[in-house]
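Engineer: My questions concern the predicted model and sequence given below.
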Amino acid sequence: MKSLDRQSLEEQARLVSRYVAGDLSRSERAEFEAWLVASHELAAEVEMERRLRRGIASAARRGWLKRGAEAVSEVRERRWRMAIAASVVVSLLLMGVTFVLPNGSRNESRTVASSSQVIPALPRIVRLSANRSLETTPDIALSRQAPPSELTIEPAVVVLTCPDGSLELECAGGTLPQTPQYPEYEMDLVSRQGSNLAWRSARQIASTGPVLSFVLGEPEKLAAGDYDVIVRGHSPDHEEVVARFWLRVN
Amino acid sequence: MSAISLDEIEKIVSAALGGDRQAETRMLVALRPGVLAVLRFGAFHRWVDAEDLTQETLQVVVERVRARTIDDPRKVFAFAAATARNMALNAARKMLRQQTVVDSDLVDELAQNLETEPSDMSEADDRQLAQAVMALLDELPTERDREVLVRFYLDGTDKQQLCRELGLSPKHFDRVLMRARTRLRTIIERRAPHLALVPRITSVLLPLAISFTFWVRDFGSW
């Protein structure tokens, strides 16, 4: 832990969001939590981060808040309508007579309204077995022309162990292995061109089954190309790539 | 109880390390919110009873302080955090071992419950929190800041991607988030003070109880 000065505390405060999302490395997390114990201010920041996340999710659930792209387009549409309305008012003032509204602006309004009517795409769920096929075809193929509204990838990759952590077909007492090897898992999409991280899931806690489920919210944002789909298991003192698949975006 | 400053906590822990018994009690009070935060927000928060484990962690910490094997307050903070984390991990392991459910429907239901954030709020509180967040978004000075928050928290867009698309530096991005948290705190304190960070009475009573236990055990009297 660095010296307990103001600057070091501010450095840690920048990590709050990543800490709450479970994105810190093991050493970063250990240092952050030592600060958390020492600083009520940092603990309050973490609490507010959670409140902020929860409040935003709650507002969205209630329909008060739309997702980013929609919200931005709605704001732009509202501004466009206001601009039309303002120009109509200015035109009327300038003309100083009682005329009907200009047809152009009405038509424009209709154009804006019709352009916002987009046929919704359907979500897609892909189940992946732990046993992969030969590396000749991608495990998942997506088309940018007709992307799903969201892509759920469900890899069956959790290794179940006995309560003592051993890998056996049958545990002591005759029970089947049911304890996930790692308490948490996450998924990365890494572009094969340049090895850039394109997307990282939130960490999820393994249940008692072998199947995980990761939801990619906006698959249309992936650039065309090949991606490694990497599933990583996490425990407090260890992390390991437990599976790797191939995604192609055409 | 007002929040104790970083310097003050360091001084209290130093005094406790020096054998000052009164400082020891103050140390337990001072460390409690942080230890509770590690347990409530850490990797295994879904699996643990944070209040119970906080008490157990503080007991281990006070034993270590008394044993005089630590000489630096910063090491006490790191030790407390590591102890809390290990206790949470053990609790999570224990829970996994106890899960021997084989019925697939039940497993799905269980998994779903585990994925749900434990709810410590009523519907009315949840609504008030959502209203506070909407007020915060309305008050933001620029449309860009609003976009940052919505796309980061709701859409899950990556920080790097947002910085690239909106022309922000990573530091500026962090400042937007930090300002939002500070502002939300003010709004909550104004609109729904019961949702603000008011320490519970247990945050004082529990450390006193731990301290009392040690005094009685070690010296036979309070």
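Structural biologist: Thanks, I have it.
Engineer: Do you have the helices of chain A handy? List them.
Structural biologist: A:6-13, A:16-20, A:26-38, A:40-61, A:68-95, A:103-115 (DSSP state H).
Engineer: what about stretch A:175-183 and chain B, any contact?
Structural biologist: Yes: applying CB under 8 Å from any CB of the partner chain, one finds stretch A:175-183 touching chain B at A:175-176, A:178-180, A:183. Placement of C-beta: from N, CA and C, glycine included.
Engineer: Just the closest of these to A:Val231, please.
Structural biologist: The shortest approach to A:Val231 among these belongs to A:Pro180, at 12.4 Å (CB to CB).
Engineer: what residue ranges in chain B are flagged as low confidence?
Structural biologist: B:1-3, B:96-120, B:196-222 (pLDDT under 70).
Engineer: Quick check, central residue of it?
Structural biologist: By CA atoms, centre = their mean, the mean C-alpha position of chain B lies nearest to B:Ala37, the distance being 1.6 Å.
Engineer: what residues are up against that one?
Structural biologist: Residues in contact with B:Ala37 (CB atoms under 8 Å, 6 or more residues apart in numbering or on different chains) are A:36-37, A:43, A:46-47.
Engineer: And stretch B:173-180, how far out from the chain middle?
Structural biologist: In terms of CA atoms, centre = their mean, to the nearest Å, the centre of stretch B:173-180 is found 20 Å from the chain centre.
Engineer: any idea how far A:Val211 lies from A:Glu150?
Structural biologist: 18 Å (CB to CB, to the nearest Å).
Engineer: And the pLDDT for A:Thr208?
Structural biologist: Here the pLDDT value assigned to A:Thr208 is 62.
Engineer: Sorry, slip of the keys, the one I care about is A:Val190.
Structural biologist: Looking at A:Val190, the pLDDT reads 88.
Engineer: show me what contacts the nearest residue to it once chain neighbours are set aside?
Structural biologist: Once flanking residues are discounted, A:Val190 sits nearest to A:Asp228: 4.6 Å by CB to CB, 6 or more residues apart in numbering or on different chains. A:Asp228 sits next to A:188-190, A:192, A:244-247 when contact means CB under 8 Å, 6+ apart.
Engineer: Next step: those residues restricted to strands.
Structural biologist: Among the contacts of A:Asp228, DSSP state E puts A:188-190, A:244-247 in strands.
Engineer: Among those, which one is most surrounded by other residues?
Structural biologist: A:Leu247 (25 neighbours; other CB atoms under 10 Å in any protein chain shown).
Engineer: where do the helices sit along chain B?
Structural biologist: Under DSSP H, chain B gives helices at B:6-17, B:21-41, B:50-67, B:73-98, B:104-115, B:123-139, B:143-149, B:159-166, B:170-191, B:202-219.
Engineer: May I see the domains of chain A written out as residue ranges?
Structural biologist: A:6-61, A:68-115, A:124-249 (automatic domain parsing).
Engineer: Of those domains, which stretch is the most buried?
Structural biologist: Neighbour counts (mean count of other CB atoms under 10 Å in any protein chain shown) averaged over each of the domains of chain A peak at domain A:6-61, with a mean of 20.
Engineer: close to chain B, is that one?
Structural biologist: Yes: applying CB under 8 Å from any CB, one finds domain A:6-61 touching chain B at A:9, A:13-14, A:16-17, A:19-20, A:22, A:29-30, A:33-61.
Engineer: what's the average pLDDT for that domain?
Structural biologist: Mean per-residue pLDDT for domain A:6-61: 86.
Engineer: got it, and stretch A:239-249?
Structural biologist: In this model, stretch A:239-249 has a mean pLDDT of 85.
Engineer: on that earlier part again, out of the domains of chain A, which is closest to B:Pro193?
Structural biologist: Nearest to B:Pro193 among the domains of chain A is domain A:6-61; the distance by CB to CB comes to 13.3 Å.
Engineer: separation between B:Gly42 and chain A?
Structural biologist: Per CB to the nearest CB, to the nearest Å, B:Gly42 is found 7 Å from chain A.
Engineer: How much space separates that residue from B:Ile187?
Structural biologist: B:Gly42 is 27 Å from B:Ile187, by CB to CB.
Engineer: cool, A:Asp188 as well?
Structural biologist: On the measure of CB to CB, A:Asp188 and B:Ile187 end up 36 Å apart.
Engineer: List the contacts of stretch A:47-64.
Structural biologist: When contacts are defined by CB under 8 Å, 6+ apart, stretch A:47-64 is touched by residues A:16-17, A:20, A:65-67, B:37, B:41, B:117, B:121, B:126-127, B:129-134, B:136, B:149-150, B:153-154, B:177, B:180-182, B:184-185, B:188, B:195, B:197.
Engineer: Pull out the buried residues from the residues you listed.
Structural biologist: Buried members of the contacts of stretch A:47-64, counted by 16 or more other CB atoms under 10 Å in any protein chain shown: A:16-17, A:20, A:65-67, B:37, B:41, B:121, B:126-127, B:129-134, B:136, B:149-150, B:153-154, B:177, B:180-181, B:184-185, B:188, B:195.
Engineer: you'd agree B:Ala80 is up against B:Pro33?
Structural biologist: No: with contact taken as CB atoms under 8 Å, B:Ala80 and B:Pro33 are classed as non-touching, separated by 11.6 Å.
Engineer: Could you check which of those two has the larger neighbour count?
Structural biologist: The residue with more neighbours, out of B:Ala80 and B:Pro33, is B:Ala80; 30 against 24, by other CB under 10 Å.
Engineer: ok so, going back, report the two of the contacts of A:Asp228 separated the most.
Structural biologist: So, the contacts of A:Asp228 by CB to CB: farthest apart are A:Asp188 and A:Trp246, at 13.3 Å.
Engineer: which neighbours do the two share?
Structural biologist: A:228-229.
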